[in-house]
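Engineer: For reference, the sequence and a predicted model appear below.
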Amino acid sequence: MIKSYKLRRGLANTFIYIILAVLGILWVSPLAYLVIQSFNAGKEQIPQTLLPQVWGVENYIKLFTDTGSLNFPRWYLNTFVVACFSCVISTISVLMVAYAFSRLRFKSRKKFINIGMILGMFPGFMTMIAIYYLLKAMGLTQTLVALVICYSAGAGLGFQISKGFFDTIPRALDEAATIDGANKNQIFWKIILPMSKPIVVYTVLTSFIGPWTDFILAKIIMGDARDNYTVAIGLQQMVSLEFKTRYFKQFLSGSVLVAVPVTILFLKMQSYYVEGVTAGGVKG
Amino acid sequence: MRYIDYMQLNPFQKFGYNFAKFFKKLPSNLARFFKFIGRAILSFFVGIGKGFANYGKRFVKGDAGVKLSYLIFGFGNIVKGQVIKGLIFLLLEAAYICYMVFFGWGYMSKFGTLGTVKATTKIDEFGFPVPVPGDNSMLILLYGVVTIVITAIIFVVYIANTKSAYKQYEAKKNGEHIPGFKEEMHEFLDEKFHITLMSIPCLLIGCFTILPLIFMILIAFTSYDNAHLPPGNLFTWVGLDNFTDLVSITEGANKASTFLNLAEWTIIWAIFATFSNYIFGMIVALMINKKGIKLKALWRTLFVVVVAVPQFVSLLLMNQMLQTNGAINQLLSLITGTHQEIQFLNSTPLMARITVIIVNIWVGIPYTILITSGILMNIPADLYESATIDGAGPVKSFTKITLPYMLFVTTPYLITTFIGNINNFNVIYLLTNGGPTTEQFYQAGWTDILVTWLFKLTMNNQDYNLAAAVGILVFIVCATLSLITFNATKSAKDEEAFS
């Protein structure tokens, strides 16, 4: 009886291993295809075989040298600059709003929280056209400044996760600090922030990744100013009808160059996020 | 039902009980909701009334300084020695008056009609055409909204000014110390620290979220479409015409049939996308977490990598792989031995829709795995053990234990995902761009959902009014669903639990 039970469990597990392996291959294969084909140095414009006939890094070299009509290095730099600035601004505003909502008690705090929630429910693109005209009136369309503004202006609305973290830090700490003569500003900088490293890192990473992955907003704002594109719209441009025959393989290598750092950051952020959620409850 | 009876139910019955309870309570909840809104409106007006009463009382009670500061901002403060604060008030008033005289009033006065003078050209004395500038309805609307918002802000400043003047007057009368500018600034680091923290984020949100939102909501009630594009043409208020356009099917115009068709597909898409990901993702998560399965981290990473890669990369890649000469057809040719050129995205509507849903499974399952893994581990193991003893197989345990339990715990997550799928712009736009195209719809293809239609209406066809109306309708649906979720989870979110 025991033997047959073991056998049955073994069979079931083998079955599951097979399914998991098949699914795993199915899930990763498109990405593997992307990476493999980005090293395709064959002559054809669009790969005709599943595996490259000739291997090489021509596509990567071309991506950085053939910058006449589509300037990938420039886009990369654009995205990096935009990401840095919007990351700083949105991290600061998210943390400030979250801290105020979580640790400070003031009149109409609840009202503000509810307004913030309702504002977050509007579909994002609804306001985009209006933002576009607003930026146009300010003479900022098709510039990187406009992108930074758009990515970081609404950041304060994303306070929920950070607020959840701040909520878990015991209030006794604030009280002790107040007795020692610290004002609320000092408590924020010297006590709460140093304790909140996980959530700070999480906020920094999410807001840094944002510009690399956003597509719609950048497209609306940049229009046809190709020099100011970010990588997302740039790569889409590479597979548009106009450029596909010349740039398809550069598209693959460009995608790899964008995906690798973002993937690494995401995996890193994931562990921080888990830490942020679990560590908060035990502290103090 | 008493608590003890409830505790004895199995999770499935608990879910059914809660489900029934939810719908039984729905009328009374809705009634409460409207009562709440009514009370909120009432208290709002009562608040305003009180505000005005206090406003009058301060004027009557105050001395000449206070009275004068009802006309000249900051006068009361300057008289009582708070020169810097008073000057700031005064400066704001001067700036506002300048703004209104030189800029705001011109737009405000035309706000009711959105402009009456069309831009034309006339021939000057040398025979050259000279453009004569007319009204620009778009700018009138935009700056009109800006002016209203600025006026509201100045009004708040004005009230603060009278309050402050009265406060200093009382302090002086009672012989109290009147704080200097430096002392008051110190307050902003302590007692009023929340103002310091919130002001900049609120300003940014006000400028780039609330202001555009008001603007777009107003556009839904105008005739701002491609036949009324400023600066050449004027548009004006049309009331609810855009909304009636969307729902009344009349011959000639196919806007309504497009809207209804796309709304139907949006809902079908959201249901399929949500539940396929949810159930398949949970099955995979169960398999990974099963006892005796090794290399758990490896399996999980395999799937999570798909989440980590930016969505536009994976979707553009998928789009390319599904082309007639793409990798999928190459693979099929290799397997079948004959040349295959299946048009996944551009042949029939059904084919394209099924492809979209399947690709979405590829994109979405890893998210479900990420979210549900932790919760799955929390299902009490004895439930499964007793089920096995009673002779239930894995399928039966899944449908009778796992699914009900998970539905019970993750309903909020499901609703959020559902809303996310209604707004799932990326998958549709990057994968099919709404195709296969059809003449039957107004500016839309077979796989377009409402939000991609909204995008196309604004970007390709400049029918801003229609797009704004669609946006408002989508918002109403999403907001209702979110509010229900929020109410359902409110009790679980006790923010003071740890402090």
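Structural biologist: All right, it came through fine.
Engineer: Every contact and neighbour count from this point should use C-alpha atoms.
Structural biologist: Noted.
Engineer: Show me where the stretch 51-200 of chain A has its helices.
Structural biologist: Secondary structure of the stretch 51-200 of chain A (DSSP state H, counting those that start in this stretch): helices at A:58-65, A:72-103, A:109-119, A:124-137, A:144-153, A:160-167, A:171-179, A:184-186, A:193-195, A:197-213.
Engineer: try the stretch 101-250 of chain B
Structural biologist: According to DSSP H, counting those that start in this stretch, the helices that the stretch 101-250 of chain B contains are B:105-109, B:137-173, B:181-187, B:193-205, B:211-219, B:241-247.
Engineer: B:Ile428: what's it in contact with?
Structural biologist: Residues in contact with B:Ile428 (C-alpha atoms under 8 Å, 6 or more residues apart in numbering or on different chains) are B:356, B:434, B:447-449, B:452.
Engineer: Next secondary structure after the host helix or strand of it?
Structural biologist: Counting by DSSP states H and E, the element that carries B:Ile428 is helix B:425-431. Using DSSP H and E, the helix or strand that follows helix B:425-431 towards the C-terminus is helix B:450-459.
Engineer: what is the orientation angle of that next one with helix A:124-137?
Structural biologist: Here helix B:450-459 runs at an angle of 20 degrees relative to helix A:124-137 (axes from the mean of the first three to the mean of the last three C-alpha atoms, to 10 degrees).
Engineer: What is the helix or strand that contains A:Leu23 packed up against?
Structural biologist: Using DSSP H and E, A:Leu23 sits within helix A:2-37. For helix A:2-37, the packing partners by 3 or more C-alpha pairs under 8 Å, 6 or more residues apart in numbering or on different chains; DSSP states H and E come out as helix A:244-282, helix B:255-289, helix B:296-308, helix B:311-321.
Engineer: Give me whichever of those helices is most buried.
Structural biologist: Across the helices and strands packed on helix A:2-37, averaging neighbours per residue (mean count of other C-alpha atoms under 10 Å in any protein chain shown) puts helix B:311-321 on top, at a mean of 22.
Engineer: pLDDT weak spots in the stretch 51-200 of chain B?
Structural biologist: Residues of the stretch 51-200 of chain B meeting the criterion pLDDT under 70: none.
Engineer: Those residues of it touching chain A, which are they?
Structural biologist: B:142, B:189-191, B:193-194, B:197-198, B:200 (C-alpha under 8 Å from any C-alpha of the partner chain).
Engineer: Between these, which sits nearest B:Gly16?
Structural biologist: B:Met198 (43.8 Å; C-alpha to C-alpha).
Engineer: Pretty sure the closest one sits against A:Val97.
Structural biologist: Yes: counting by C-alpha atoms under 8 Å, B:Met198 does reach A:Val97; the two are 5.8 Å apart.
Engineer: So the two - more neighbours on which side?
Structural biologist: Remark: of B:Met198 and A:Val97, A:Val97 carries more neighbours, 26 against 19, as counted by other C-alpha atoms under 10 Å in any protein chain shown.
Engineer: Outline the domain layout of the chain.
Structural biologist: With no chain named, the answer covers chain A. Residue ranges of the domains in chain A are recorded as A:2-57, A:59-282, according to automatic domain parsing.
Engineer: wrong one, chain B
Structural biologist: Chain B breaks down into these domains under automatic domain parsing: B:1-60, B:62-239, B:255-492.
Engineer: If you count residues, where's the longest helix of chain B?
Structural biologist: helix B:11-61 (DSSP state H).
Engineer: could you point out which element follows it?
Structural biologist: Next along the chain after helix B:11-61, taking DSSP H and E as the criterion, comes helix B:64-68.
Engineer: counting contacts, what elements does that next one pack onto?
Structural biologist: Judged by 3+ C-alpha pairs under 8 Å, 6+ apart, helix B:64-68 is in contact with helix B:11-61, helix B:75-79, helix B:137-173.
Engineer: packing partners for the last one?
Structural biologist: When contacts are defined as 3+ C-alpha pairs under 8 Å, 6+ apart, helix B:137-173 packs onto helix B:11-61, helix B:64-68, helix B:75-79, helix B:83-99, helix B:105-109, helix B:211-219.
Engineer: Could you check that helix and say which residues are buried?
Structural biologist: Residues of helix B:137-173 classed as buried: B:137-147, B:149-150, B:154, B:157-159, B:161-170 (neighbour count, 16 or more other C-alpha atoms under 10 Å in any protein chain shown).
Engineer: which one is B:Leu431 nearest to, not counting chain neighbours?
Structural biologist: If the residues on either side of it in the chain are set aside, B:Leu431 comes closest to B:Asn319, at 5.1 Å by C-alpha to C-alpha, 6 or more residues apart in numbering or on different chains.
Engineer: Could you pull up the contacting residues of the one you found?
Structural biologist: Residues near B:Asn319 by C-alpha under 8 Å, 6+ apart: B:430-432.
Engineer: Dump those residues to JSON lines, plus pLDDT and neighbour count.
Structural biologist: Formatted as JSON lines, these follow (pLDDT from 0 to 100; neighbours: other C-alpha atoms under 10 Å in any protein chain shown):
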{"residue": "B:Leu430", "pLDDT": "88", "neighbour count": "20"}
{"residue": "B:Leu431", "pLDDT": "89", "neighbour count": "26"}
{"residue": "B:Thr432", "pLDDT": "87", "neighbour count": "25"}
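Engineer: Return the member of those residues nearest to A:Phe165.
Structural biologist: Comparing the contacts of B:Asn319 against A:Phe165 with C-alpha to C-alpha picks out B:Leu430 as the nearest, at 35.0 Å.
Engineer: Quick check: that closest one touching B:Ser314?
Structural biologist: No: look at B:Leu430 against B:Ser314 with C-alpha under 8 Å: they stay out of range, at 9.6 Å.
Engineer: What confidence value was assigned to the residue in the stretch 1-150 of chain A that chain B sits nearest to?
Structural biologist: Across the stretch 1-150 of chain A, the shortest distance to chain B (C-alpha to the nearest C-alpha) belongs to A:Ala130, at 4.9 Å. Looking at A:Ala130, its pLDDT is 79.
Engineer: which residues does it contact?
Structural biologist: Contact analysis of A:Ala130 by C-alpha under 8 Å, 6+ apart lists B:212-213, B:215-216.
Engineer: hmm, 10 Å instead?
Structural biologist: A:136, B:142, B:208-209, B:211-216, B:219, B:464 (C-alpha atoms under 10 Å, 6 or more residues apart in numbering or on different chains).
Engineer: Show me how to select, in PyMOL, the buried members of these.
Structural biologist: Entered in PyMOL, the line below selects the buried ones among those, by 16+ other C-alpha under 10 Å:
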select buried, chain B and resi 142+208+209+211+212+213+214+215+216+219+464
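Engineer: quick check, nearest of the contacts of A:Ala130 to A:Ser240?
Structural biologist: B:Tyr464 (25.7 Å).
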